[in-house]
Structure formats: structure tokens, C-alpha cells
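1. Just need the structure, nothing else, for what follows:
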Amino acid sequence: MRILAYLGLGVLGALAGVAGSLLQGGWTPLGLLLALGGAAGLFWGGAMLTRTRAGAGAPAAGWAIVVLLLTVNRPQGDFVFAAGAGSYLFLLGGMTLAVASAALVPSERPMLFFSPDAMARPWPRNTGRDGDKSPRR
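-> Predicted structure coming up:
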């Protein structure tokens, strides 16, 4: 089941790479932010879904393979990436986001940064008489 999740995340990463490559060149300032935001959301979402670094690495690998293949000029002279600051920011920014998502994966923390048993208790466990959080002695 986990392998299917990684394969699905890799395909989503490839699709995000194609969409981001077209967006960053099509809408000059906003397209770059939108493409990097989508890539960051996908990388972080994969890490949160699987709780592993591979969860961030699978979509990042799909993204990187597609983006690097799109940087190659064809013999006819066609290309997707122009030589400009936006293209380089997209390439380097996406790779930086992939590494940051893999490095910051919350493997020990529960999903969405709070534990289910904390949701069941509406008040802290060790409260004193005055409402402070120090245990009773």
C-alpha cells in the first residue's frame, strides 16, 4: 500500500512539474509563486501523509525528472524554459523546497501537530488549585 502511495505521489509530482513549468513562464510574477506554492504543498503533503522522508522525496523526484527533461532544448529549437531569472528561481526554489520538506518531516509528531488524546480532554491534566499548570504536592 505504501509503495502505491509513493508511486501516486511521484505521478502527482510529475504533473506538478509540468504545470509549474508552464505557469512560471506564462504568468511572470504570479505564475512563479503559484508554481512554487503548489510544489511546496505537494512535497509537504506527501511528507505529512506518509510520515517519511520518502514521502517528500517521491513527488520531488517526479517533479525534478520532468522539470529537468523540460529544460533540454529540442533539435527543432523549441524550449519550455527561457534563460531568465524566473526559470532559475523555479528550478532552484523547487529543489530547495523539496530538501526542506524532506528535512522537516514530522515523523514523531502526530498528524496536524496535536494528538488525539489531547482533543478528548478539554482541560490540562495537572492543574493546581489556582489554575496553574504545576502538579499538586
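
2. And for Ala5, the neighbour number?
-> Ala5: 16 surrounding residues under other CB atoms under 10 Å. Any C-beta I mention is one placed from the backbone N, CA and C, and that applies to glycine too.

3. For it, give me its contacts.
-> By CB atoms under 8 Å, 6 or more residues apart in numbering, the residues touching Ala5 are 49-50, 55.

4. Which of the three states applies to it?
-> For Ala5, the assignment made with DSSP: H, G, I helix; E, B strand; the rest coil gives helix.

5. Pro75 now?
-> State at Pro75, reduced to three classes by three-state DSSP: coil.

6. Now do the phi/psi pair for it.
-> Per-residue torsions, Pro75: phi -60, psi -30 (degrees, to the nearest 10).

7. how many neighbours does it have?
-> Neighbour tally, Pro75, other CB under 10 Å: 5.

8. what's the pLDDT at it?
-> As predicted, Pro75 sits at a pLDDT of 76.

9. now do Ala83
-> Listed pLDDT for Ala83 reads 67.

10. give the contact list for Trp27.
-> Contact analysis of Trp27 by CB under 8 Å, 6+ apart lists Leu34.

11. quick one on the thing from earlier: highest neighbour count among the contacts of Ala5?
-> Counting neighbours by other CB under 10 Å, Gly55 comes out on top of the contacts of Ala5 with 25 neighbours.
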